[in-house]
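**Student:** A structural model of the following input is requested.
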Amino acid sequence: MHDVGKLVIGNYMDVDFKAIEREAFGRGVSFEEAEREVLGADHAQIGAAVLEKWNLPGQVIQPVRWHHDPDGTAPSRLVDIVHVADALCLSMGIGSGRDELYYRPSEAAIERCRVSKSAREAVISHTLGAMDDFAELFALPTTEVHHGL
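**Tutor:** Below you'll find the model as predicted:
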C-alpha cells in the first residue's frame with residue numbers, strides 16, 4: 001500500500017514520465033525529488049492524500065506519506081519498518097524500475113530498526129532464494145509448454 005501514489009500517478013494523472021526521468025537522471029536526484037519538481041508532489045504525498053480522502057487511519061497514512069523520508073516526521077516504528085522493507089526490496093530489484101539507482105535509504109531508520117548489515121544480507125539472500133523456489137513452483141513443465149497448455 002505504501003506505493004499507492006504510483007498507481008494514482010500512472011492510472012489517473014496525465015503525466016509525462018519522460019520529464020520525470022530526465023529530471024532524475026539529468027540531475028542525479030531521486031525519483032521522489034524529480035516527481036516533486038515535475039508534478040508539484042511526489043507519489044508518497046499523493047498516496048497519503050488518497051488514503052486521507054478514503055478516511056483511513058493515521059497509522060496507515062503516516063507510513064505511506066513518509067516511507068521515503070522517515071527522518072522528515074516524528075519518530076515512528078511503523079514508518080521506519082516500511083522504509084527499511086522498501087529499501088531492502090528495491091535493493092533486490094523488487095518493486096522498482098530504474099528509480100532504485102538513486103534511492104537513498106535512511107541510515108538512521110535502519111539503525112532505529114536495529115537491522116545489522118549481516119541481517120540485511122541474510123534477508124536478501126533468503127528472499128532471493130525463496131523467490132527462486134516460488135518461480136520453480138509455478139513454472140510449467142517443458143512438455144506442457146510444448147503442447148501449448
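
**Student:** Span of stretch 27-42 from start to end?
**Tutor:** 17 Å (CA to CA, to the nearest Å).

**Student:** no no, stretch 110-120
**Tutor:** Termini of stretch 110-120 sit 10 Å apart (CA to CA).

**Student:** What are the contacting residues of that stretch?
**Tutor:** 75, 77, 80-81, 84, 87-88, 123 (CB atoms under 8 Å, 6 or more residues apart in numbering). The C-beta positions use only the backbone N, C-alpha and C, and glycine is treated the same way.

**Student:** Got a ChimeraX select line for the buried ones in those residues?
**Tutor:** Of the contacts of stretch 110-120, the buried ones can be selected in ChimeraX as follows, counting by 16 or more other CB atoms under 10 Å:
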select :80,81,84,87,88,123
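
**Student:** Go through the contacts of stretch 110-120 and flag which are in helices.
**Tutor:** 77, 80-81, 84, 87-88, 123 (DSSP state H).

**Student:** Where does pLDDT dip in this protein?
**Tutor:** Filtered on pLDDT under 70, the chain yields the residue ranges 96-102, 140-149.

**Student:** Spell out which helix or strand contains Leu51, please.
**Tutor:** Taking DSSP states H and E as the definition, Leu51 sits inside helix 43-53.

**Student:** which stretch of helix or strand covers the residue lying closest to Val82 once chain neighbours are set aside?
**Tutor:** Closest residue in space to Val82, ignoring its immediate chain neighbours: Pro63 at 4.1 Å, by CB to CB, 6 or more residues apart in numbering. Assigned by DSSP H and E, Pro63 belongs to helix 58-66.

**Student:** From Phe25, how far off is the residue nearest the centre of the chain?
**Tutor:** Nearest to the mean C-alpha position of the chain, by CA atoms, centre = their mean, lies Asp86 at 4.8 Å. Here Asp86 is placed at a distance of 21 Å from Phe25 (CB to CB, to the nearest Å).

**Student:** cool, His67 as well?
**Tutor:** His67 is 22 Å from Phe25, by CB to CB.

**Student:** more neighbours, the two?
**Tutor:** His67 (28 against 14; other CB atoms under 10 Å).
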